[in-house]
Structure formats: C-alpha cells, structure tokens
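Asker: Structure for this input, please:
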Amino acid sequence: MPSPWDQFQRYQAPAMPMQQQAAPSEPLTGDDYLKQLDPGTAAMVKAYVEGRSLPVGNARTPQVQMIKRHAAQYEPNFDESIYKTREQTRKDFGAGTASKNVTSLNTVMGHLNDLRETADKLGNRGFTMWNDVANAAMDRMGYPEVKDFNLSKQAVADEMAKVFRSSGMSEAETERWLQTFSSSSSPEQFKAVIGRGLSLLDSRMSALSDQYNRGMAYGPRGLRHTVDFGDRRVEIGEKGLQPEDLLSTTAKEKVGKIKSWLYPETTKAQGASA
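Answerer: Sure, this is the predicted structure:
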C-alpha cells in the first residue's frame, strides 16, 4: 500500500541566489597610481619615465630598485631601453639637430610672411612682361620694393635650406623651388609658389612631430609631459606632440596671415561661423 506520507512533497529549501563574485579590479597605472605615492617618490618616478633623469644612487640599492618597480607600475612595460630612447629624444629636441630644425622652422615662417608682404607691395599684374618693365623702371627710380622682395626671397632660401638639409632636401633643390618665380611674377604665381613652400614646411613639421613621438615611445595610453624648445615650454597630451606645437605664438600668427592671404574666402567663412 502507498504510504500516506507519499501525498506530501518532500520539503526542499529554496535555492539561494548565487553570490556575484566581484571582478578583480585592475591594478592602478598612470597618474592614478602616481597619486598613491609620496610626492618625492612620485617626482622621481615621473622624471625617470619621461627620460629626464635616472634614479639617484647605485642601481642595486633598494631605493633605486623601488623607483624602477614604481615606474613599471606607472607605465606598464617601461624599462631601461625606453628610458634611454626618451632621454636621447629629449636631448635632440632640446639642444641637438632637431632643436635647430625647430628654430629654423619658426624663423622661416617669419621670412615667408615677409616674402608675402613684399610681393604684395610690388603691385604686380597678371601680365608678367608688364611687371618686368614696370619693376625695372621702379627700381631705377630708387623705389625699394624690388630690392626688398629679393632680400626676402633670399632670406627664405637660406632658412629653408637649414630646415630641409637634415631631411635630405639639398640647398640646390630649395634654390630651384625659389627660381620658379621672380619679382616679375603675377599675383597668382606668387600665391602658388608661397603656398607650395608652406605645404613643404607643413610636411617637415609633421615629420618632426612623428620623429619626436616615436622617440618618446608613445603607446595607446599616451604620456602627459612637458618639452622645452629653448624659449618656451610645451605641454604634451595623450596624443603626443602635434605639428603645430613646434611653432611659437609669433610663428603661428605669421602662418595665419599667410593662410588668410592664400585662402581669403575660406578665412572669411571660418570667421563668419565662429
């Protein structure tokens, strides 16, 4: 016979919800990690990672080993080889060949704007043969416009040669570029040649910023720091050194004037939308 107890279901305790296991937190890195350190240690770690200075003392001392451990935590995969590359890059852009190139870039932007101004003062027309006759007469009468233009043109040639010498572009090539126009050129020819010069300089700026970023071994996390360009200090963000960072405030103003002259309609449209 069935047991009278069969009519009752066996009691089962209600299932307890599974406890959610907290995902292990990722170890702190970057500035978040640096904030956990005392200011003195944090400063030494940052200087080491940025290629500014090695930890002071014998490499085997506990203090130096501690700084290196902190550095590897601050920037994962950081090691002595990265330090050396960054140190060399800083020296090159601080006082080496790259630094001289940056100085020449800033100087030539001013000369290129002078060339634009002296070209405008010639008052040339579209007919180059007319310009040739008119400028020759103006020069013989003692007006300075033609001589000022030629001096500005030579200044651009000299400084551009310095800019491109280290990149493989010879002085002869720079001279050939400048020989494509003269004081008798039309306004359209002036704009074409000066625009081409600005484009060449933009390319050189991009190449220099890429060179810096490769030397500083930029990774996906970036490296916030500062770099000295002799007369000024530039803050570098997570995206690295940008081409425009190479120019001083004065040089940027010169470039702005050149671009307004080359592309007046674009400049007006940007001003209207601002």
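
Asker: doesn't residue 136 make contact with residue 183?
Answerer: No - applying CB atoms under 8 Å, one finds residue 183 not in contact with residue 136, separated by 9.3 Å. From N, CA and C alone the C-beta is placed, and that goes for glycine too.

Asker: ok, those two, which is more surrounded?
Answerer: Between residue 183 and residue 136, counted using other CB atoms under 10 Å, the more crowded position is residue 183 (22 against 13).

Asker: Could you verify that that one is part of a helix?
Answerer: No - secondary structure of residue 183 (DSSP: H, G, I helix; E, B strand; the rest coil): coil, not part of a helix.

Asker: Quick check, pLDDT for it.
Answerer: The per-residue pLDDT reported for residue 183 equals 92.

Asker: And for residue 17?
Answerer: 58.

Asker: can you give me the mean pLDDT across the host helix or strand of residue 100?
Answerer: Following DSSP states H and E, one finds residue 100 within helix 97-122. The average of the pLDDT scores along helix 97-122 is 95.

Asker: Check stretch 145-165 too.
Answerer: Averaged across stretch 145-165, the pLDDT comes to 91.

Asker: Likewise for stretch 204-223?
Answerer: Rounded mean pLDDT across stretch 204-223 is 84.

Asker: ok, now stretch 72-87?
Answerer: The average pLDDT within stretch 72-87 is 90.

Asker: likewise stretch 245-260?
Answerer: On average, stretch 245-260 scores 95.

Asker: how distant is that stretch from the center of its chain?
Answerer: 14 Å (CA atoms, centre = their mean, to the nearest Å).

Asker: change the start of the numbering to 583 and stick with it
Answerer: Sure, I'll start numbering at 583, so the last one becomes stretch 827-842.

Asker: quick one: buried residues of that stretch?
Answerer: For stretch 827-842, a neighbour-count test (16 or more other CB atoms under 10 Å) marks 827-830, 833, 836-837, 839-840 as buried.

Asker: Let's see which of the residues you listed end up in helices.
Answerer: Among the buried residues of stretch 827-842, the members found in helices (DSSP state H) are 833, 836-837, 839-840.

Asker: Which of those residues sits closest to residue 799?
Answerer: Using CB to CB, residue 833 comes nearest to residue 799 of those, at 27.8 Å.

Asker: I'd assumed residue 687 was in contact with that closest one.
Answerer: Yes - using CB under 8 Å, residue 833 is in contact with residue 687, at 7.5 Å.

Asker: Any chance you could list what contacts the helix or strand that the helix holding residue 682 is followed by?
Answerer: Using DSSP H and E, the next helix or strand after helix 679-704 towards the C-terminus is helix 710-722. Applying CB atoms under 8 Å, 6 or more residues apart in numbering, the contact partners of helix 710-722 are 704, 706-707, 727-729, 765-768, 771.

Asker: for stretch 688-706, same thing?
Answerer: Among residues not part of stretch 688-706, those counted as contacts by CB under 8 Å, 6+ apart are 713, 716-717, 727-728, 730-731, 733-735, 737-738, 741-742, 744-745, 765-769, 772, 776, 779-780, 783, 828-830, 832-833, 836-837, 839-840, 843.
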